[in-house]
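Q: Kindly generate the corresponding structure for this input.
(one chain, ligands or ions: 1)
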Amino acid sequence: MRRKIIAGNWKMNLTLAEAKSIATGLAGKLGQTRPEVMVFPSSIHLPSVSEILQNTNVVVGSQNAYQSGLTAMTGEISPVQLKELGINTSLVGHSERRQFLGETNEILNEKVKFLLGQGFRVIYCIGETLAERETGNTFNVLNTQIKQGLKGIESSLFERLIIAYEPVWAIGTGKVATPEQAEEAHSFIRKEIAGLFVGASTLAEAIQILYGGSVKADNIASLLTKPNIDGGLVGGASQKLDSFLSLII
Ligand code: 13P
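A: Predicted structure coming up:
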């Protein structure tokens, strides 16, 4: 049985006061929740948010990390530094970073490998643009993102890998994929993972695949009824305490 995950990606949207206020609200409200709850604040807010959530079940993760230990790399953050704050979960390859910050599948492969090697849990984000969907390329794009992004990852590291399917056309647009569209993509992703190497089918069965893109209180339940959808990676609706809580409890 795959445990459900509801993860909030706060992107660069919140002030420190807002991030702390949501974290405080979560700390007070979430006891033993069934889905695992994760939040991904801005890096600069990680110390404050993780302090507030330290004795709770809420996982605090980073939105990005650089694929190296301590080194000369101005402006970046090493997983080694994140671990000092107790952070050992990270998003990798969010479409905003692929689209606007030039992260390629090759770079993301380095990140996934390095982070998993450092003991991190990694949420590797994939998904097609509207143009790719409309030209019938959704499955080619997903295939490439999986094959290249997960190339050479040892089977023993897969237990800390999570996939997020986030169709770019559904992110922040209010256009959610239908549960059927999402399920079709998720089941394709699971099959692709099963085909990565001999013996990968057990890992594929166990891997959690989250859906992201305009997830809200009124669509989460129907998405989660689908057999291959194991949770949500939520942007906007995670950035207000009440709407985030309505997705979780
Ligand atoms: P929205 O929920 O705002 O569409 O964002 C989704 C997302 O990008 C989560 O990573």
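
Q: What is the burial count for the residue lying closest to His186 once chain neighbours are set aside?
A: Counting by C-beta to C-beta, 6 or more residues apart in numbering, His186 lies nearest to Asn228, which is 3.7 Å off, once chain neighbours are set aside. The way it works is simple: take the backbone N, C-alpha and C, and place the C-beta from them, glycine included. Look at Asn228: counted by other C-beta atoms under 10 Å, it has 18 neighbours.

Q: before we move on, which element is Asn228 in?
A: For Asn228, there is no host helix or strand (DSSP states H and E).

Q: hang on, it packs against Ser187?
A: Yes. Using C-beta atoms under 8 Å, Asn228 is in contact with Ser187, at 4.7 Å.

Q: count of neighbours near the residue in the chain that the ligand sits nearest to?
A: Distance from the ligand to each residue of the chain (C-beta to the nearest ligand atom) is smallest for Gly235, at 2.3 Å. Applying other C-beta under 10 Å, we find 22 other residues in the vicinity of Gly235.

Q: can you list the residues of the chain near the ligand?
A: By C-beta under 6 Å from any ligand atom, the residues of the chain that approach the ligand are 9, 94, 166, 171-172, 212-215, 233-237.

Q: Looking at those, which are in strands?
A: Using DSSP state E, the members of the residues of the chain next to the ligand that fall within strands are Asn9, Gly212, Leu233, Val234.

Q: sorry, back to before: got the contact list for the residue of the chain closest to the ligand?
A: Gly8, Asn9, Lys11, Ile171, Gly172, Gly212, Val215 (C-beta atoms under 8 Å, 6 or more residues apart in numbering).

Q: Of those residues, grab the buried ones for ChimeraX.
A: Here is the ChimeraX selection string for the buried members of the contacts of Gly235, based on 16 or more other C-beta atoms under 10 Å:
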select :8,9,11,171,212,215
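
Q: Helix, strand, or coil at the residue nearest to Asn140 when sequence neighbours are not counted?
A: Closest residue in space to Asn140, ignoring its immediate chain neighbours: Glu132 at 7.9 Å, by C-beta to C-beta, 6+ apart. Following DSSP: H, G, I helix; E, B strand; the rest coil, the label given to Glu132 is helix.

Q: if I read this right, Glu132 contacts Leu142, doesn't it?
A: No. In this structure, Glu132 is not within contact of Leu142 by C-beta under 8 Å, at 9.4 Å.

Q: Compare the two and say which is more crowded by neighbours.
A: In this view Glu132 and Leu142 are compared by other C-beta under 10 Å, and Leu142 has more residues nearby, 22 against 18.

Q: Next, the contact list for that one, please.
A: With C-beta under 8 Å, 6+ apart, Leu142 has these contacts: Ile126, Gly127, Glu128, Tyr165, Ala185, Phe188, Ile189, Glu192.

Q: how distant is the one helix or strand it maps to from the center of its chain?
A: Per DSSP H and E: Leu142 is located in helix 138-149. Centre-to-centre, helix 138-149 and its host chain are 17 Å apart (C-alpha atoms, centre = their mean, to the nearest Å).
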